[in-house]
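Engineer: Sequence and predicted model, in that order:
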Amino acid sequence: MKIVCRYTFEDYVEAHRLHRSRSLWRQWDRAIAFVFLCLTAGVGLLIVLKHPAQYRIALPSFGLAVFWALLLFVFPRLRMQYLFKRSPYLNQELTFEISDEGILQESPTMRSQRNWSMFTGWAENKRMFMIYSSPIQFILFPKRFFAPGQADQLRELLGRKLSNK
């Protein structure tokens, strides 16, 4: 099967979401941080409501809440944009040929042939497949680039060749 694609920034973000969903800690770390954000903002709000004249006491709490909000919602997206824009691999047209032997990957700047023994697992969600070559390296296959029936073919091939970790 042959797949030709050019990744978008949203593909990159979705890949990070799918990768995070594979780890129990990564599923909950942002939720825990969000609870901490709400608690620090709540403490500040409680101080302001109880002692309106002494609102300055609450400023460190609000400052910490703003810091956590930036840390949770703004900085990760800015970092992903920075990395995506500066990665030549992610910003060019890629061609993949997937067969029983492995994956042949071509772009204007490289050609790579990997046998299935090079891969450690795979993951899927409603928008993409990811095939892992290490715990933190993977190849993205956005499903919008698949012809009808190719997603089912790839899922069946991955089921035969790799474990779904």
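Structural biologist: Noted; the coordinates are in hand. Numbering: from 1, shown residues only.
Engineer: Give me the next element, helix or strand, following the worst-scoring helix or strand of the chain on mean pLDDT.
Structural biologist: Of all helical and strand segments in the chain, the minimum by mean pLDDT, DSSP states H and E falls on helix 24-50, at a mean of 81. Remark: after helix 24-50, the chain's next helix or strand is helix 59-69, criterion DSSP states H and E.
Engineer: tell me what that next one is packed against?
Structural biologist: Packing partners of helix 59-69 (3 or more CB pairs under 8 Å, 6 or more residues apart in numbering; DSSP states H and E): helix 24-50. Every residue, glycine included, has its C-beta placed from N, CA and C.
Engineer: between the helix it packs on and helix 59-69, how many degrees?
Structural biologist: Relative orientation of helix 24-50 and helix 59-69, computed by axes from the mean of the first three to the mean of the last three CA atoms, to 10 degrees: 150 degrees.
Engineer: follow-up on the earlier one: just checking, what packs against the least confident helix or strand of the chain?
Structural biologist: Helix 24-50 packs on helix 9-21, helix 59-69, going by 3+ CB pairs under 8 Å, 6+ apart.
Engineer: distance of residue 102 from residue 39?
Structural biologist: 50 Å (CB to CB, to the nearest Å).
Engineer: Neighbour count: these two, which is higher?
Structural biologist: The neighbour count for residue 102 versus residue 39, taken as other CB atoms under 10 Å, is higher for residue 102 (17 against 14).
Engineer: Now mean pLDDT, distance to residue 146 and mean neighbour count too, for the helices and strands packed on helix 24-50, in a markdown table please.
Structural biologist: What follows is these, written out as a markdown table (pLDDT from 0 to 100; distance: least, CB to CB, whole Å; neighbours: other CB atoms under 10 Å):
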| stretch | mean pLDDT | distance to residue 146 | mean neighbour count |
| --- | --- | --- | --- |
| helix 9-21 | 90 | 13 | 16 |
| helix 59-69 | 86 | 37 | 15 |
